[in-house]
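from the sequence below, what's the structure:
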Amino acid sequence: MADRQSLENIDRNGAEKRSYSVSEAAEILGVSKRSIYNLCASGAFKSVRIGTKLRISRKSFDEWLDGSD
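From the prediction side, this is the model:
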């Protein structure tokens with residue numbers, strides 16, 4: 001059986017997720033959603049607003065988290 005991290009990276013249609021929600025990113029880092037909004041505003045990683053929702057590029061976030069540019 002797949003581990004929890006693998007399952008979290010799969011969307012409802014069985015495809016690999018390409019973005020994180022603010023809540024998902026906050027949970028990964030163990031910080032508040034406000035901290036994630038501040039990181040997005042500072043350009044720490046790529047994000048896009050879709051209506052009222054903010055989606056964070058998984059690739060950009062993971063590279064930032066790993067310390068890559």
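
give me the most central residue, the protein.
Geometric centre of the chain, nearest residue: residue 20, 3.0 Å, by CA atoms, centre = their mean.

and the residue nearest to that residue when sequence neighbours are not counted, what helix or strand is that in?
Nearest non-adjacent residue to residue 20, counting by CB to CB, 6 or more residues apart in numbering: residue 56, 4.6 Å away. Heads up, the C-betas are built off the backbone N, CA and C, glycines and all. Using DSSP states H and E, residue 56 falls within strand 53-57.

identify the residues contacting that strand?
Contact with strand 53-57 is made by 18-22, 25, 36-37, 40, 45-49, as judged by CB atoms under 8 Å, 6 or more residues apart in numbering.

now the helices for this protein?
Ranges of helices in the chain, per DSSP state H, are 4-8, 22-29, 33-42, 58-66.

tell me the most buried of those?
helix 22-29 (a mean of 17; mean count of other CB atoms under 10 Å).

coming back round to it: residue 61: which of the contacts of strand 53-57 is nearest?
Lowest distance from residue 61 to the contacts of strand 53-57 (CB to CB) belongs to residue 45, with 4.7 Å.

quick one: residues contacting the closest one.
Applying CB under 8 Å, 6+ apart, the residues near residue 45 are 39, 56, 57, 60, 61, 63, 64.

would you turn the residues you listed into a markdown table with distance to residue 29?
Below are the contacts of residue 45 laid out as a markdown table (distance: CB to CB, whole Å):
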| residue | distance to residue 29 |
| --- | --- |
| 39 | 9 |
| 56 | 11 |
| 57 | 15 |
| 60 | 14 |
| 61 | 9 |
| 63 | 14 |
| 64 | 10 |
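
that'll do, ta.
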